[in-house]
Structure formats: C-alpha cells, structure tokens
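Asker: I would like the atomic coordinates for the input below:
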Amino acid sequence: MPVAREGLTLITLSLVFSILLFLLDFKIPAFIVCFFFLFCLFFFRNPKRHHSVNKNELISPADGKVMEVSEIEEGEFLGGVSKRVSIFMSLADVHVNRAPCEGKIVKVEHRRGDFALAFKKDIDKENERNYILMEHGNDRILLVQVAGFLARRITSYVKEGDIVKKGDPVGIIAFGSRVDIYVPKEYDIMVSSGNKVKAGVTALAKEKRDA
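Answerer: Numbers count the residues shown, from 1 in each chain. Okay, the predicted model is just below:
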C-alpha cells in the first residue's frame with residue numbers, strides 16, 4: 001500500500017533500527033521499535049481512492065466521523081453564511097486529505113494556535129489550522145485542516161494557483177485531528193452527524209442546479 005511521503009523517514013529509520021537491534025540480540029527494544037515501525041506504516045498509509053459520485057456532487061475531504069452539520073457565518077474567506085460539515089479523524093483513519101471537487105486553489109494560509117482536543121467546541125478558531133480556499137466554477141469552497149491534541153503537524157500539498165481534480169490529495173494532518181468543509185448555503189448536504197465518511201469516496205454535498 002502506498003504511504004504518505006511525510007512518513008517515509010520515520011518508517012525507514014524505525015525499520016533499520018529494529019533490524020539492527022534484532023541482530024544485536026536486544027529483543028525487547030527491537031520489538032518496541034518494530035511496533036513503532038508498524039504503527040507508522042499503518043498511520044501514514046495512503047490508499048488509492050476512486051469515486052463514483054455524480055459530477056455535481058462533492059466528495060468528503062477526509063476519513064472519519066461527521067461531528068456536526070450546520071449553517072455558520074464565514075465572513076473572512078467566503079463573505080457570508082455557509083454550510084459547514086465537520087469531520088473528526090481518529091488515529092485509525094487515513095489522514096491524507098483530498099480535494100472535494102475540481103477547481104483552482106486561490107488561497108492557502110497556515111495559522112498557529114493551540115492543540116486542544118479536536119472534538120471540542122470552537123477549536124476551529126483557537127487551534128493550529130490551515131485554510132485551503134478553492135474556486136469551483138462560480139462557487140468558493142473552503143477546507144480547514146485543524147490540528148488536535150496529538151496533531152502537531154499540518155502539511156499542505158497545494159499552493160495558490162494550483163489546479164486540482166476531484167479526489168486529488170491536498171494535505172495531511174499527523175496524528176488525530178479534524179477537517180471542516182464550508183460550501184455555499186444553497187448546496188444540499190448529503191450526510192448527517194454521526195455518519196462515517198471516506199476521503200475521495202463518500203458523496204458529501206450536492207450543488208444546486210438551475211432548472
């Protein structure tokens with residue numbers, strides 16, 4: 001299975017050290033390092049994803065559980081009321097985030113902050129986070145990668161001016177975190193609080209089309 005490039009150093013070093021420790025007959029440390037190697041291999045996995053959603057449907061940007069679906073004022077990036085879907089990513093989920101639709105990246109902005117638990121209220125304004133603003137036709141879609149209690153690193157794969165396809169990897173958050181997606185209020189949300197979703201696969205929202 002492919003792995004995210006952020007995990008390659010940890011995976012390689014832990015594998016080499018575990019082999020050396022086994023050869024030197026340090027069995028207990030070797031097993032500990034081997035366990036860490038397997039954990040990194042699991043955590044940084046980046047499986048290929050294929051969606052079968054309709055052209056006017058957005059896909060989930062993250063694996064995990066839907067925490068909340070709400071209407072919220074987002075004046076800074078979107079200039080008005082939007083619909084927001086918040087997705088909590090546990091340690092067991094794939095942590096590579098994907099583009100919910102095709103479009104152009106018009107802004108990427110990282111902001112420092114706290115590292116409170118990812119399911120607590122208002123962490124989208126207080127915690128370490130990264131904003132990815134997309135232009136999708138005449139609409140603007142906002143992704144917010146939010147660091148959690150264990151997450152200490154947010155990496156964006158995209159920059160301003162990039163053109164992405166639906167399902168393309170756009171970033172990763174290590175270890176355990178949350179992703180919020182904001183869409184125009186006219187969109188129909190296709191998931192509910194408590195639903196499990198998969199990045200690049202699950203249909204999340206549907207564009208409103210004129211009759």
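
Asker: quick check: what element follows the helix or strand of the chain with the lowest mean pLDDT along the chain?
Answerer: Ranked by mean pLDDT, DSSP states H and E, the weakest helix or strand in the chain is helix 123-126, scoring a mean of 66. Next along the chain after helix 123-126, taking DSSP states H and E as the criterion, comes strand 129-136.

Asker: just the C-alphas of that next one, formatted as PDB.
Answerer: Taking Å, rounded to 0.1, in the frame of the first residue of the first chain, the C-alpha atoms of strand 129-136 are listed here in PDB:
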ATOM      1  CA  ARG A 129      -5.000  25.200  11.500                       C
ATOM      2  CA  ASN A 130      -4.600  25.500   7.700                       C
ATOM      3  CA  TYR A 131      -7.000  27.200   5.300                       C
ATOM      4  CA  ILE A 132      -7.400  26.000   1.700                       C
ATOM      5  CA  LEU A 133      -9.700  28.100  -0.400                       C
ATOM      6  CA  MET A 134     -10.900  26.700  -3.700                       C
ATOM      7  CA  GLU A 135     -12.700  28.200  -6.700                       C
ATOM      8  CA  HIS A 136     -15.100  25.700  -8.200                       C
END
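
Asker: and it, which strands flank it?
Answerer: strand 103-111 (antiparallel), strand 139-147 (antiparallel) (DSSP bridges).

Asker: hey, which of the ones you listed is tucked in deepest?
Answerer: strand 139-147 (a mean of 23; mean count of other CB atoms under 10 Å). Where C-beta positions appear, they are placed from N, C-alpha and C, glycine not excepted.
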